[in-house]
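>>> give me a 3D structure for the following:
(2 chains)
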Amino acid sequence: MSEDLTRLSAAELSTLMADGEVSAREVTEAHLARIHDVDDDVHAFVLVNDTDAILEARRVDEARYRGEELGPLAGVPIAVKDLLTTRGMRTTCGSRILEDWVPVYDATVVAKVRDAGMPILGKTNMDEFAMGSSTEHSAFGPTHNPWDLDRIPGGSGGGSSAAVAAFEAPLALGTDTGGSIRQPAAVTGTVGAKPTYGAVSRYGLVAMASSLDQVGPCSRTVLDAAMLHEVIGGHDPHDATSLPEPVAPAVAYARQGMAGDLRGVRIGIVGELRGDGFQQGVLERYAEALGVLEDLGAEMQVVSCPSFAYTLAAYYLIMPSEASSNLARFDAMRYGLRLSPQGGPVTAEAVMGATREAAFGPEVKRRVILGTYALSAGYRDAYYGSAQKVRTLVQEDLAHAWEAVDVLVSPTCPTTAFRIGEKVDNPMAMYLSDTATIPANLAGIPGISVPAGLAEDGLPVGVQVLAPARADAWIYRVGAALEAVLTERWGGGLLDRAPMLGTPTGGAR
Amino acid sequence: MSAITREDVARLGALARIHLTDGELDVLAGQLTAIVDAVAVVSSAVDDSTPATSHPIPLTNVFRPDTVTASLSRAEALSSAPADQDGQFRVPQILGEEP
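Residues are numbered from 1 along each chain as shown, chains lettered A, B, ... in the order given. As a prediction, the model looks like this:
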């Protein structure tokens, strides 16, 4: 029984628990058992929270027994990216400098997840401070893609995507600065959504690039992502960039999409995000997805966003600039590691330099130095200043697009999962993974990646749906419509075709 | 685009408070030159007439009610400190001179 439970969606688990068919404790124990079975191979988790998770599940069971009103995801366990602070639970951000940091406060999204009665299974692996597209830049070793353990699970949230793809958790929290939720979703055959900037609180998200970072859901179905979105969304007085509007009706729109009618929906095909640089198998699955959307009644047209030619460049100036400033807080004074310099006076400055030398990995050093360069006197206007102007062009292109269409679509990622080690020493090659996901962060708009099938190499491909700011519900509607047709065509979820990791159980649904 | 030299990287490292080894200086000089070459294209995409955007969805006058709310206790604030003394953060000397 326990292995069966890990194959179910969050929505299915929610129904089973509400009907009294299974207990929250059974559900959480099944997922913990799965983690202990497969995570030596996958390494999605940097911390497993067994005892607390089971305690929380028991609390939910007792509350349900007493007849208390519970939210829809009560008892559904979740994995949390290790960039989000968890009170009393180690939060490393994938970095040696925070190896032993135990926060004294919960991120708002973590508090909301706890309030919803969702047991936290553990903290997931990630590129150090979310800097990377492969999870190879974690100080604690790479995470492996459940489809092929020699390949990357995407990044920076590769732990969250792999945990969901390997059936270790039905849901996970991710963060997306340039695609760190959507690109891992694409390469692991899972669903990942980046909400509108400000739709979900950033309080307790350890900042990389504050004008780009956003928390969002990782799942195996669009409906599950929508359910989690509604739990974590909403205004937070602790985040001055939090939008005052109520949470988007993500679940209602997902259900509407699942009904399979997109008549009257205007869909724009981003002309700049296809062709050159995109793998053949990615383009084939993308073309099929466009056909599905058209068959559902959507009106398709090609939309041009010329500024997208410059978004990768603008992103790799803005993000490191903000990161170089944000990471200045790791000064070895108030929390985190402190190391002494080898020789010379032991000043605060020397201690900070020595600590950061030893405890920051190569990608963090690269980006902080790059950001320092982009902000330095004589270069700031040409680099950071111009990049901010590109951001205006992106906003203008999108404003123009929204006059003609309701949503935009593109492939999520130019390629399928590459091999671990393949690009780790070639930063520019790695950065190209983010080509299609970055525009959404620069513009602050919502986006979702939905599985579109397998490429010629047998690895998953994702299709991205983008919507105007504050129109988050639309990504769930269109994403769910696409998913409903494709899963019916495949005779089940794409992950049913992934290798069965762990101990054989024969636990078919 | 001009190359970023080892000396440039060493200076940037000092500004960023990251000591860098000789090996790191060599590697970073080459990598940063390549990255800056690739991203410098932004300056050709815009001109003086384009306004800058610093924030995707700007909000103004964001205030919370001026009421006292719970905050960290002193013990909590110090709980992760590498060193503390007398209820305060204990840090190395700030200036590089003998007191």
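>>> so which elements touch the helix or strand containing A:V60?
Under the criterion of DSSP states H and E, A:V60 resides in helix A:50-65. Judged by 3 or more CB pairs under 8 Å, 6 or more residues apart in numbering or on different chains; DSSP states H and E, helix A:50-65 is in contact with helix A:24-42, strand A:120-124. Yep, even glycine has a C-beta here, placed from its N, CA and C like the rest.
>>> which one of the ones you listed is the most hemmed in?
strand A:120-124 (a mean of 28; mean count of other CB atoms under 10 Å in any protein chain shown).
>>> returning to that earlier point: right, and the helix or strand after the helix holding A:V60?
Per DSSP H and E, the first helix or strand lying C-terminal to helix A:50-65 is strand A:78-81.
>>> show the average pLDDT along that following strand.
The average pLDDT within strand A:78-81 is 98.
>>> what's that strand in contact with?
With contact meaning CB atoms under 8 Å, 6 or more residues apart in numbering or on different chains, strand A:78-81 is reached by A:44-45, A:86, A:110, A:113, A:118-124, A:126, A:157, A:159-160, A:163-164, A:168-175, A:228.
>>> recalculate using a threshold of 6 Å.
Contacts to strand A:78-81, defined as CB atoms under 6 Å, 6 or more residues apart in numbering or on different chains, come from residues A:113, A:118, A:120-121, A:123-124, A:126, A:157, A:160, A:163, A:169, A:171-175.
>>> okay, strands next: where are they in chain B?
B:84-85, B:88-89 (DSSP state E).
>>> so which of the helices and strands packed on helix A:50-65 is nearest A:V368?
A:V368 sits nearest to strand A:120-124 of all these, at 23.6 Å, using CB to CB.
>>> can I get the CA coordinates of that closest one in CSV?
Presented in CSV, the C-alpha positions along strand A:120-124 are these (Å, rounded to 0.1, in the frame of the first residue of the first chain):
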residue,chain,number,x,y,z
ILE,A,120,7.6,19.0,5.7
LEU,A,121,9.5,15.9,4.5
GLY,A,122,12.9,17.7,4.3
LYS,A,123,15.0,20.3,2.5
THR,A,124,16.0,19.9,-1.1
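>>> quick check: which helices or strands does it pack against?
On a contact count with 3 or more CB pairs under 6 Å, 6 or more residues apart in numbering or on different chains; DSSP states H and E, strand A:120-124 meets strand A:45-48, strand A:78-81, helix A:158-165.
>>> out of the strands of chain B, which comes closest to chain A?
strand B:88-89 (5.8 Å; CB to the nearest CB).
>>> quick revisit: can you lay out the helices and strands packed on helix A:50-65 as CSV showing mean pLDDT?
Shown next, in CSV, are those (pLDDT from 0 to 100):
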stretch, mean pLDDT
helix A:24-42, 98
strand A:120-124, 98
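>>> tell me which of these sits nearest to A:L98.
So among the helices and strands packed on helix A:50-65, strand A:120-124 is nearest, using CB to CB, at 11.4 Å.
>>> on that earlier part again, format the strands of chain B as CSV; extra columns: mean neighbour count.
Output for these, formatted as CSV (neighbours: other CB atoms under 10 Å in any protein chain shown):
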stretch, mean neighbour count
strand B:84-85, 14
strand B:88-89, 12
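>>> can you give me the end-to-end span of stretch A:108-122?
Terminal residues of stretch A:108-122 are spaced 17 Å apart (CA to CA, to the nearest Å).
>>> for the residue most central in space within chain A, give its distance to A:R338.
Centroid-nearest residue in chain A: A:I181, 2.0 Å away (criterion: CA atoms, centre = their mean). To A:R338, A:I181 is 33 Å away according to CB to CB, to the nearest Å.
>>> would you mind naming what in chain B lies close to chain A?
By CB under 6 Å from any CB of the partner chain, the part of chain B that sits against chain A consists of B:12, B:15-19, B:31, B:34, B:38-39, B:41-43, B:45-46, B:50-57, B:62, B:64, B:76, B:79-82, B:89, B:91-94, B:96.
>>> which among those residues end up buried?
Using 16 or more other CB atoms under 10 Å in any protein chain shown as the burial test, the residues of chain B next to chain A include B:12, B:16-19, B:31, B:34, B:38-39, B:41-43, B:45-46, B:50, B:53, B:56-57, B:80-82, B:91-92 as buried.
>>> low-confidence ranges in chain B?
Along chain B, segments meeting pLDDT under 70 span B:1-2, B:97-99.
>>> from the geometric centre of chain B, which residue sits farthest away?
Each residue of chain B has a distance to the centre, and by CA atoms, centre = their mean the biggest one is for B:T67: 32.0 Å.
>>> correct me, but B:V39 touches A:L317?
Yes - using CB atoms under 6 Å as the test, B:V39 is close enough to A:L317 to be in contact (5.4 Å).
>>> now do the contacts for B:T60.
B:T60 sits next to no residue when contact means CB under 6 Å, 6+ apart.
>>> next, A:L173: phi, psi?
Main-chain dihedrals, A:L173, degrees, to the nearest 10: phi -100, psi 140.
>>> ok, now how distant is it from A:A193?
For A:L173, the distance to A:A193 equals 11 Å [CB to CB].
>>> same question, A:P460
Applying CB to CB to A:P460 and A:A193 gives a distance of 17 Å.
>>> look at the two and report which has more neighbours.
The neighbour comparison of A:P460 against A:A193 (other CB atoms under 10 Å in any protein chain shown) goes to A:A193, with 31 against 27.
>>> so what does residue 68 have for phi and psi?
The chain I'm using is chain A. Note on A:E68: its backbone torsions stand at phi -70, psi 150 [degrees, to the nearest 10].
>>> my question was about chain B, not that one.
Torsion angles, degrees, to the nearest 10, at B:V68: phi -70, psi 130.
>>> count of residues packed around it?
If you count neighbours by other CB under 10 Å, B:V68 ends up with 5.
>>> what sits against the residue in the stretch 301-450 of chain A that chain B sits nearest to?
At 2.6 Å from chain B, A:G444 is the closest residue in the stretch 301-450 of chain A, using CB to the nearest CB. Neighbour list for A:G444: A:Y197, A:A469, B:P56, B:I57 [criterion: CB under 6 Å, 6+ apart].
>>> again, but for A:L466
Applying CB under 6 Å, 6+ apart, the residues contacting A:L466 are A:L408, A:A440, A:I445, A:G447.
>>> in helices, which of the residues you listed appear?
Counting by DSSP state H, the part of the contacts of A:L466 found in helices is A:A440.
>>> quick one, which of the contacts of A:L466 are buried?
The neighbour-count criterion (16+ other CB under 10 Å) marks A:L408, A:A440, A:I445, A:G447 among the contacts of A:L466 as buried.
>>> and the first one, what are its bridge partners?
So that's A:L408. Taking DSSP bridges as the rule, A:L408 bridges to A:G268, A:L466.
>>> that one contacts A:V270, correct?
Yes - in this structure, A:L408 is within contact of A:V270 by CB under 6 Å, at 5.4 Å.
>>> for A:L370, which of the strands of chain B is the nearest?
When those are compared by CB to CB, strand B:88-89 sits nearest A:L370, at 30.3 Å.
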